[in-house]
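Trainee: sequence and computational prediction follow.
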Amino acid sequence: MASDSSSRYSSTRRLRAFKRWMKSQGIEWSDALEFIDSPENGISVRASYDLKEGDVVAKIPKRACLTIKTSGAREIIDSAGLDGSLGLSVALMYEKSLGEESPWAGYLQLLPHQECVPLVWTVGEVDSLLIGTELHKTVKEDKALIYEDWKENILPLMDSAAQSLNPSFFGIEDYFAAKSLISSRSFEIDEYHGFGMVPLADL
């Protein structure tokens, strides 16, 4: 019983922190939105009453979105010539490495470490669960390509930007985790920002 009540308390606390953070960023949301934090499914949002077409559910300023352009790692990413999901992965890993110092700390504390997609499965899991499907070969090829991306683009950042990057947040597993979050949660924002993590909308 004690563990149930303490986990409810911590989930309530992180939701309160997220709502405070959203307000500080100028994010507005409809009172129809109900925030749910369950141990099985994590954070989600549902409508507590029927919404009509055209109802405004939320207003999210672009400055509140985590993108290559808004991240504190912008100069590192630009100087390395990274863009797209590769650049956004660096931005996400960088902001996570800052902990409470990140402007997105109130948002990042809600995200799981990674999404449970085939991309982050072990080779053994891919072989046993996907064997005989078209996905089997595709996922293995994708994992190999992502590893190459990390080796060619992320690993060199450890040397060139050593003073500003914490290597314990930029390992291969961190990169796969970031890619899994981006693949399932990012949105195309506009031509300037490209893809980014959009707090609230991704719930």
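Mentor: Received, thanks.

Trainee: C-alpha only now, for contacts and for neighbours.
Mentor: Noted.

Trainee: neighbours of Ser184, just the number please.
Mentor: 14 (other C-alpha atoms under 10 Å).

Trainee: Leu130 contacts Thr138, doesn't it?
Mentor: No. Assessed by C-alpha atoms under 8 Å, Leu130 is found out of contact with Thr138, at 10.1 Å.

Trainee: does Tyr147 lie in a helix or a strand, and which?
Mentor: helix 134-149 (DSSP states H and E).

Trainee: the following helix or strand past that helix: which residues count as buried?
Mentor: Sequence order places helix 155-160 as the next helix or strand after helix 134-149, per DSSP H and E. Across helix 155-160, burial judged by 16 or more other C-alpha atoms under 10 Å covers Leu157, Met158.

Trainee: give me the element the residue nearest to the spatial centre of the chain is part of.
Mentor: For the chain, the residue nearest the mean C-alpha position is Leu181 (4.3 Å; C-alpha atoms, centre = their mean). In this structure, Leu181 is located in helix 172-185 according to DSSP H and E.

Trainee: which residues are in contact with the residue nearest to the centre of the chain?
Mentor: The contact partners of Leu181, taken as C-alpha atoms under 8 Å, 6 or more residues apart in numbering, are Gln114, Glu115.

Trainee: what distance do you get for it to Tyr175?
Mentor: Here the criterion is C-alpha to C-alpha, to the nearest Å. By it, Leu181 lies 10 Å from Tyr175.

Trainee: and Thr138, how many neighbours?
Mentor: The burial count for Thr138: 12, using other C-alpha under 10 Å.

Trainee: distance of it from Asp174?
Mentor: For Thr138 relative to Asp174 (C-alpha to C-alpha), the value is 21 Å.

Trainee: picking that back up, buried residues of the helix holding Leu181, list them for me.
Mentor: Ile172, Asp174, Tyr175, Phe176, Ala177, Ala178, Lys179, Ser180, Leu181, Ile182, Arg185.

Trainee: also stretch 117-130?
Mentor: Buried residues in stretch 117-130 (16+ other C-alpha under 10 Å): Pro118, Leu119, Val120, Val126.

Trainee: let me know the pLDDT of Glu34.
Mentor: With respect to pLDDT, Glu34 has a value of 92.

Trainee: circling back: turn the buried residues of stretch 117-130 into TSV, including pLDDT, distance to Gln25 and secondary structure.
Mentor: Listed next are those as TSV, based on pLDDT from 0 to 100; distance: C-alpha to C-alpha, whole Å; DSSP: H, G, I helix; E, B strand; the rest coil:
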residue	pLDDT	distance to Gln25	secondary structure
Pro118	80	34	helix
Leu119	80	32	helix
Val120	80	32	helix
Val126	84	40	helix
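
Trainee: can you redo the residues you listed as TSV with distance to Ala201?
Mentor: Shown next, in TSV, are the buried residues of stretch 117-130 (distance: C-alpha to C-alpha, whole Å):
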residue	distance to Ala201
Pro118	23
Leu119	23
Val120	23
Val126	30
